[in-house]
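K.L.:
Attaching a predicted model along with its sequence, questions to come.
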Amino acid sequence: MQPSTHREEITIGILALQGAFVEHQAMLQKLSLKQRIHIVQVRTPEDLTKCDSLIIPGGESTTIALLARLAGLLGPLRDFVKVKPVWGTCAGAILLAQAAEGTKKGGQELLGGMSVTVMRNGFGSQVESFEAPLEVEGLRDSDRPFHGVFIRAPVVLSLDPSPSDPAIEIVSRISTALLPYNQTTLLPDEDVRDPRDPSTIVAVRQGRHLLTTFHPELTKDDRFHEYFIQRCVLPSLS
Ligand SMILES: NC(=O)CC[C@H](N)C(=O)O
């Protein structure tokens with residue numbers, strides 16, 4: 001089957017090797033949009049050929065990368081990212097970044113696609129996971145904050161687009177007042193925090209790609225899924 005190219009139906013793949021892929025699927029199934037959404041759980045290169053776009057869930061980025069390699073998916077995923085819209089949440093955001101620090105010895109395989117450098121587990125360890133209300137540019141009903149769930153989330157260290165890359169749009173920053181304060185975090189000390197520091201960036205769009213360091217699929221709020229379809233997927237099909 002060829003990917004759908006008209007707007008009545010879109011095929012969204014969810015990388016289903018490890019992590020919160022079922023939660024993304026449940027959220028997509030609840031969306032009410034004009035388009036019919038066909039969902040493919042992606043485990044093989046053949047699954048990927050059916051997709052107009054892809055969501056890479058949160059989970060463990062090293063495990064997802066390893067399982068992708070074992071499934072023969074690393075190369076096809078890298079090719080896919082070059083031409084089709086991809087949204088990475090948390091671990092998925094790490095995989096979509098062009099560079100990641102704090103990776104295991106020997107480094108970590110990434111897909112790239114977004115001109116962003118992240119630090120794995122940059123907000124601290126599992127016990128330092130946190131939730132925070134986020135203001136998000138461009139969401140439906142954007143006066144209503146989005147509930148950000150951060151679980152061993154990556155921190156954005158820098159945005160590094162080259163002149164030929166699509167422009168980067170900062171979609172959401174966490175308020176410095178809401179950032180967690182702890183010993184292990186790599187964030188600047190409370191008193192020197194600048195609201196424009198890259199570490200406050202928690203959602204970024206670059207052309208057809210979207211990166212969120214938190215987990216919209218673990219909330220009951222479908223606005224980010226709608227945003228991905230409207231801002232990233234549909235424009236790429238027209
Ligand atoms: N919730 C998550 O997806 C955690 C990401 C995890 N810390 C990683 O490095 O892959």
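P.N.:
Structure's in. What do you need?
K.L.:
give the contact list for the residue nearest to the spatial centre of the chain.
P.N.:
Central residue of the chain (Cα atoms, centre = their mean): residue 88, 2.3 Å from the mean position. Residues in contact with residue 88 (Cβ atoms under 8 Å, 6 or more residues apart in numbering) are 55-56, 94-97, 114, 209-212. C-beta coordinates here come from the backbone N, C-alpha and C atoms, glycine included.
K.L.:
Okay, and which of these map to strands?
P.N.:
Among the contacts of residue 88, the members found in strands (DSSP state E) are 55-56, 97, 114, 209-212.
K.L.:
Switch those over to a markdown table; also include pLDDT.
P.N.:
Below are these laid out as a markdown table (pLDDT from 0 to 100):
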| residue | pLDDT |
| --- | --- |
| 55 | 98 |
| 56 | 98 |
| 97 | 97 |
| 114 | 97 |
| 209 | 98 |
| 210 | 98 |
| 211 | 98 |
| 212 | 98 |
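K.L.:
Which residues of this protein lie near the ligand?
P.N.:
58-61, 90-91, 94, 120-121, 151-152 (Cβ under 6 Å from any ligand atom).
K.L.:
try it again with 5 Å
P.N.:
Taking Cβ under 5 Å from any ligand atom as the contact definition, the chain meets the ligand at 58, 60-61, 90-91, 120-121, 151-152.
K.L.:
quick one: the strands in the chain?
P.N.:
Taking DSSP E as the criterion, the chain contains strands spanning 9-15, 36-42, 53-56, 86-89, 97-101, 114-119, 130-136, 146-150, 155-159, 168-173, 201-206, 209-212.
K.L.:
Packed most tightly, which of those strands would that be?
P.N.:
Sort the strands of the chain by mean neighbour count, taking mean count of other Cβ atoms under 10 Å, and strand 86-89 sits at the top with a mean of 30.
K.L.:
In the sheet, which strands lie alongside it, parallel or antiparallel?
P.N.:
Under the criterion DSSP bridges, strand 86-89 sits next to strand 53-56 (parallel), strand 209-212 (parallel) in its sheet.
K.L.:
and the last one, how far from the chain's centre?
P.N.:
In this case it means strand 209-212. How far strand 209-212 lies from its chain's middle: 4 Å, per Cα atoms, centre = their mean, to the nearest Å.
K.L.:
again, but for the first one
P.N.:
For strand 53-56, the separation from the chain centroid amounts to 9 Å (computed by Cα atoms, centre = their mean).
K.L.:
How about residues contacting that strand?
P.N.:
10-15, 21, 24, 42, 48, 64, 77, 80, 84-89, 91-92, 95-96, 111, 208, 228, 232-233, 236.
K.L.:
Quickly list what the closest residue to residue 178 other than its chain neighbours is bridged to.
P.N.:
Once flanking residues are discounted, residue 178 sits nearest to residue 132: 4.3 Å by Cβ to Cβ, 6 or more residues apart in numbering. Beta bridges link residue 132 to residue 148 when assigned by DSSP bridges.
K.L.:
which stretches of the chain have low pLDDT?
P.N.:
1-7, 180-193 (pLDDT under 70).
K.L.:
As a check, name the ranges of all helices in it.
P.N.:
Using DSSP state H, the helices assigned to the chain run over residues 21-30, 45-49, 61-70, 74-83, 91-96, 223-227, 234-237.
K.L.:
any chance of these in CSV, with mean neighbour count too?
P.N.:
Converted to CSV, the helices of the chain look like this (neighbours: other Cβ atoms under 10 Å):
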stretch, mean neighbour count
helix 21-30, 18
helix 45-49, 16
helix 61-70, 19
helix 74-83, 16
helix 91-96, 29
helix 223-227, 21
helix 234-237, 15
